[in-house]
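Q: A structural model of the following input is requested.
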Amino acid sequence: MSLQANLLRETPAASAEQASTRLQRLSDTSRRASRQMADVVWGLYTSALTLPELLAHMRDHAHEVLPPPAWPSILRWLPTSAPARPRLSPASTSTLSIKEALHNAVKHARHATLVSVRVFADGAGLGLRVQDDGQAPATAPGRAGGHGLRNMRQRAEALGGTLHAAASPAGFALKVSLPLP
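A: This is a model prediction of the structure:
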């Protein structure tokens, strides 16, 4: 942000449009940095969160990344018998998994009109399901996939959990199951 601000101050813009573009870029960068800092601070206190607080944080993030006019999302939060205070690792893993799944839906699900998020008791653990009704993009030749699903799977498995993800003509679905104490 500092570099962008210095560039604005020291380099005259060729036009009002160029100046506006630079200011917008600085504003976007500032907003992103603020969100990231809020996530870092939030992450420091996840061990003290109650389940409703954890779900509220996930819901806020979903509403932030899914633009309402383009994606009329259905968000279902159905914790039935999960512990009131999930341990730090499941709380962090569930939050990161939902964030990554929503990011993937926004980035990859073409023509999606629905994103459904469910948080539920899954046996003695916590279940997360994110599903969209979009079409998966064709894989570009020679282009490797990202690391999102692999990272989510590794985080779930590190806690003794599982991640299942599958595309179908009806969309893409991801389910994470995490054990709880």
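Q: how much space between residue 17 and residue 96?
A: According to C-beta to C-beta, to the nearest Å, residue 17 stands 38 Å off from residue 96. Backbone N, C-alpha and C define where each C-beta goes, glycine included.
Q: now do residue 174
A: Per C-beta to C-beta, residue 174 is found 13 Å from residue 96.
Q: overlap in contacts of the two?
A: Common neighbours of residue 174 and residue 96 (criterion: C-beta atoms under 8 Å, 6 or more residues apart in numbering): residue 152.
Q: Tell me which of the two has more neighbours.
A: Neighbours around residue 174 and residue 96, counted as other C-beta atoms under 10 Å, are more numerous at residue 174. The numbers are 22 against 17.
Q: burial count for the closest residue to that one other than its chain neighbours?
A: Excluding its sequence neighbours, the residue lying closest to residue 174 (C-beta to C-beta, 6 or more residues apart in numbering) is residue 165, at 4.5 Å. By other C-beta under 10 Å, 16 other residues sit near residue 165.
Q: separation between residue 165 and residue 100?
A: As judged by C-beta to C-beta, residue 165 and residue 100 stand 11 Å apart.
Q: Show me the shaky parts of this structure.
A: 39-40, 42-51, 67-91, 137-146, 181 (pLDDT under 70).
Q: And the strands in this protein?
A: Listed in chain order, the strands of the chain (DSSP state E) span 74-78, 115-122, 125-132, 162-168, 171-179.
Q: For the second one, buried residues please.
A: With burial defined by 16 or more other C-beta atoms under 10 Å, the residues of strand 115-122 counted as buried are 115-120, 122.
Q: give me every residue that touches residue 5.
A: residue 26.
Q: Going by neighbour count, which residues of stretch 100-113 are buried?
A: Across stretch 100-113, burial judged by 16+ other C-beta under 10 Å covers 100-102, 104-106, 108-109, 112.
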